[in-house]
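> Could you look at this predicted model? Sequence included:
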Amino acid sequence: MKAFKTESKIAAALVLLFAAGLIPVFLLGSCAYPSADDYGFSAYSYIAWADTHSVIQTVKGACATVAERWYSWQGTFSSIFLMALQPGIWGMYGLVPIMMIGMMSLSTLFLLHTVMVKILHTRPAVFIGASMLYLLLAVQCMVDKTQGFFWYNGAAHYILPHSAALFLCGLLLLLVTGEEKRSSRLVMACLLAAFTGGSNYITALIVLVLFVSAMGFLLFLKEKKKCALLVLPFLFFLTAFLVNTLAPGNAVRQEEMLVRPGVVKSILLSFYYCMEYVVDTWFNWTYLLFLLALVPFMWETVRSSSGRFSYPAPLLVLFCSYCVLSAMFTPSLFATGDVGGGRVFNIIFLDSMLFLMLNLFYCMGWFAGKMEAAGAVWKAESCFEKKAVRWYLGGILFFGVFVGAMYMKVNPDYFTTTSAIRSLVSGEASAYGAETKEREALLQEAAKSGEKEIAVPRLTVHPYLLFWSDIEEDAGDWKNQSMARYYRKDAITGIGQ
C-alpha cells in the first residue's frame, strides 16, 4: 500500500505539472489566426459559410476542395477535408492548440492504456506516470511547436492523422487480445484505417508497415483467427491508400520537384537521416531525463507482466524500431529529395519517443528474465517502496529543474510553456492578435464591397509560437493568392514591413 501511495502521488504531481503547463499555451491560442494554406484550402468552405451559414453547404465546400486538390495537387483526401474546415471559418481559430494537444494526448493515453493496463496489467498510477512523462516531453519539446500546435493546416495534416493512427493501433490490439465489444471496435478500426490511408504519406506508410508486420507475425504464430480480425480494417486502409496514392494531382505536384533520388537511394538516405536526427540532433538532455525517469515505471510494468511474456532478441526489436522510424523519412525524400520540414519532424519525434518506451520496457523485461534464470529475487516488492528509488527520482527532478531553468533563461522559446508566457507577458501576443484581427476585419469588409483588388498591411509582430508566415508585397505570391481566393478578390498586396 505504501508503494501504491507513492506512485499515486508521483502520478498526481505529473498530471498537475502537465496541466499547469497547458494554461499559458491555451491562453496564447486566443491570439492565433489563420495564415498561408489555411486560406487556400478553406476558401470554398469559408465562402459557403459566409453566404449561407449552413453547415451542410460548408461541408459541401470542403468536399469540393477535396475533389479539386485530388485532381490538381495531392491525393491526401482525408487530410484535405480537415484542412478545408479550419476553425477560423467560424471565428474559432483560438481552439487550434486545444484541438491538437487534446487529440495528441487522448490518442497517446488510449494506446498506452491499452498496452500497459489492458494487456500488461500495469497499475493505473504507473500507466499515468509514464504517460505524463511522455506528454510533458511531447508538448514542451516538440520540434516545430508552431506547426505542431498553432498553425492549423500543418497540424491537421500531420498531428491529427498521427493521433488517428495511435487510436487505430490501440483498437487493433484490443481486437486481437480481447473478446468483448469486438463489433464496435471493428467498425471504429475500419473508419480510422480509411482515414489514415487517406492522410499524409508518412502516417499512411507506417500504418501500412504495421498492418503487414502484425498480420505476418500472427500468421507466423499460427494465430489465423486473430489475423482474420485485421483483414477488414486492412482492406479499408488499402482502398483509401490506393485512392490517395493514385490521385492525378500527385503527378502534377511531382512535376514541380526538381530533385527526386529514386526508391533505393531514398531508402538508404532514410537510414542515415534517422540516425542523424533521432540519435544526434534530438537526443539531448531532455530525452535522457525522459528515459531515466521512465526506468522505475517500466520496471513496474515488467513486474506486472511477469509470467505472461518472454522477451527474446532485444537487439532485433531495437533494429526493427530503427527500420520503422527510418521509413518515416522515406516519403519526403522520395517525393521532394528533401528530408522534410517541421511538420514531418513532429510526428517522427513523437513516434521516436514511443519506440524509446517500447525498447526500454523490452530490454528491462529481457534483463529481468536473465535475473530470474540466475535465481535472483526481483518480483518481491515494488521499486517505489525503496527509498533509493525516491531519491533517484528526486535527483532527476532537481537536475531537470536546474538545467531547464538555465535553458529557459537563455532561450525562453526552448519550452512551449515558457515561450507562451514570454509572448503573453511581453505583450507581443496581444499586439500580434490586434494586428491580425484588424486586418481580418478590413478584409471581411472588403469582401462585401465590389472592389477587386486591395492592399493590406503586413504583420510587424512575429511571436515565436503564433507566427508561421505572412503575405508578401508581391500580389502574385502563393500566400497572397490564397488569401485573395478566400476573400474573393482578384489580388491582395501586402504593404509595410
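Great, that's in hand. Numbers count the residues shown, from 1 in each chain.
> okay, now the nearest residue to Ala447 once chain neighbours are set aside: neighbour count?
Nearest residue to Ala447 in three dimensions, chain neighbours excluded: Tyr487, at 4.5 Å (Cβ to Cβ, 6 or more residues apart in numbering). Every residue, glycine included, has its C-beta placed from N, CA and C. As a burial measure, Tyr487 scores 22 neighbours (other Cβ atoms under 10 Å).
> would Ile492 count as being in a strand?
Yes. Ile492: assigned to a strand according to DSSP: H, G, I helix; E, B strand; the rest coil.
> start at 409 instead
Understood, numbering begins at 409; the last thing we discussed is Ile900.
> so it makes contact with Val864?
Yes. With contact defined as Cβ atoms under 8 Å, Ile900 counts as touching Val864 (6.3 Å).
> list residues touching both of the two?
Overlap of the contact sets of Ile900 and Val864 (by Cβ atoms under 8 Å, 6 or more residues apart in numbering) consists of 851, 879.
> So these two - more neighbours on which side?
The residue with more neighbours, out of Ile900 and Val864, is Ile900; 24 against 19, by other Cβ under 10 Å.
> Now do the SS call for the residue nearest to the more buried one when sequence neighbours are not counted.
In space, and not counting its chain neighbours, Ile900 is closest to Ala892: 4.5 Å by Cβ to Cβ, 6+ apart. Of the three states, Ala892 takes helix according to three-state DSSP.
> List the residues that contact Ala892.
883, 898-900.
> Of those, just the buried ones, PyMOL syntax please.
The PyMOL selection below is limited to those of the contacts of Ala892 classed as buried (16 or more other Cβ atoms under 10 Å):
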select buried, resi 883+900
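> which one among the contacts of Ala892 gets closest to Glu859?
Asp898 (9.2 Å; Cβ to Cβ).
> and the closest residue in space to the closest one that isn't next to it in sequence, what pLDDT?
Leaving aside its sequence neighbours, Asp898 sits nearest to Lys860 (Cβ to Cβ, 6+ apart; 4.1 Å). pLDDT for Lys860: 85.
> What is the burial count for Lys860?
For Lys860, using other Cβ under 10 Å, the count is 11.
> can you tell me which helix in this protein is longest?
Taking DSSP state H as the criterion, the chain has its longest helix at helix 750-781.
> Buried residues in that one, which are they?
For helix 750-781, using 16+ other Cβ under 10 Å, the buried residues are 750-774, 776-777.
> how much space between Pro704 and Leu490?
39 Å (Cβ to Cβ, to the nearest Å).
> What of Gly808?
When Gly808 is compared with Leu490 (using Cβ to Cβ), they lie 36 Å apart.
> Which of these two has more residues huddled nearby?
Using other Cβ under 10 Å as the criterion, Gly808 and Leu490 rank with Leu490 on top: 21 against 17.
> need the contact list for that one.
564-565, 568.
> mind running it again at 7 Å?
Each residue near Leu490 by Cβ atoms under 7 Å, 6 or more residues apart in numbering is listed here: 564, 568.
> for Cys549, same thing?
Thr694 are the contacts of Cys549 under Cβ under 7 Å, 6+ apart.
> What score does it have for pLDDT?
On the pLDDT scale, Cys549 is placed at 94.
> same question, Phe769
At Phe769, pLDDT is 93.
> Verify the stated contact: it with Thr709.
Yes. Using Cβ atoms under 7 Å, Phe769 is in contact with Thr709, at 5.9 Å.
> hey, where'd the helices end up in the stretch 659-808 of the chain?
Using DSSP state H, counting those that start in this stretch, the helices of the stretch 659-808 of the chain run over 671-682, 693-712, 722-735, 738-744, 750-781, 795-818.
> Correction: the previous question concerned the stretch 509-658 of the chain.
Under DSSP H, counting those that start in this stretch, the stretch 509-658 of the chain gives helices at 532-548, 553, 560-585, 590-605, 609-628, 632-653, 656-662.
> Would you mind giving the ones you listed as a markdown table with distance to Tyr501 added?
Shown next, in a markdown table, are the helices of the stretch 509-658 of the chain (distance: least, Cβ to Cβ, whole Å):
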| stretch | distance to Tyr501 |
| --- | --- |
| helix 532-548 | 20 |
| helix 553 | 16 |
| helix 560-585 | 7 |
| helix 590-605 | 23 |
| helix 609-628 | 24 |
| helix 632-653 | 27 |
| helix 656-662 | 27 |
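> out of those helices, nearest to Leu850?
Of all those, helix 560-585 comes closest under Cβ to Cβ, at 21.5 Å.
> Identify the residues contacting the residue most central in space within the chain.
Central residue of the chain (Cα atoms, centre = their mean): Ile567, 3.3 Å from the mean position. Counting by Cβ under 7 Å, 6+ apart, Ile567 touches 508, 511-512, 556, 754.
> Let me see the contact set for Gly841.
By Cβ under 7 Å, 6+ apart, Gly841 lies in contact with Cys439.
> which element is it on?
In this structure, Gly841 is located in helix 836-856 according to DSSP states H and E.
> By neighbour count, which bits of that helix are buried? Give me those.
Neighbour-count burial for helix 836-856 [16+ other Cβ under 10 Å]: 836-837, 839-841, 843-844, 847-848, 851, 854-855.
> Stretch 799-816 too?
Buried residues in stretch 799-816 (16+ other Cβ under 10 Å): 800-801, 804, 808, 812, 815-816.
> quick one: which of those residues is nearest Asn658?
Nearest to Asn658 among those is Tyr815, at 41.4 Å by Cβ to Cβ.
> give me every residue that touches the closest one.
Tyr815 neighbours (Cβ under 7 Å, 6+ apart): Tyr822.
> Now with 8 Å, please.
822-823.
> gap between it and Phe823?
Counting by Cβ to Cβ, the separation of Tyr815 from Phe823 is 8 Å.
> now Met524
With Cβ to Cβ as the criterion, Met524 and Phe823 are 26 Å apart.
> quick one, which of those two is more surrounded?
Each of Met524 and Phe823 has its neighbours counted (other Cβ under 10 Å); Met524 has more, 26 against 21.
> surely the more buried one meets Pro532?
No. Taking contacts as Cβ under 8 Å, Met524 lies outside contact range of Pro532: 9.1 Å.
> so is Ile862 in a helix, a strand, or just coil?
Going by three-state DSSP: Ile862 is strand.
> Excluding sequence neighbours, find me the nearest residue to it.
Nearest to Ile862 is Ala854, by Cβ to Cβ, 6+ apart, at 4.8 Å.
> contacting residues for that neighbour?
Taking Cβ under 8 Å, 6+ apart as the test, what Ala854 contacts is 862, 895, 897.
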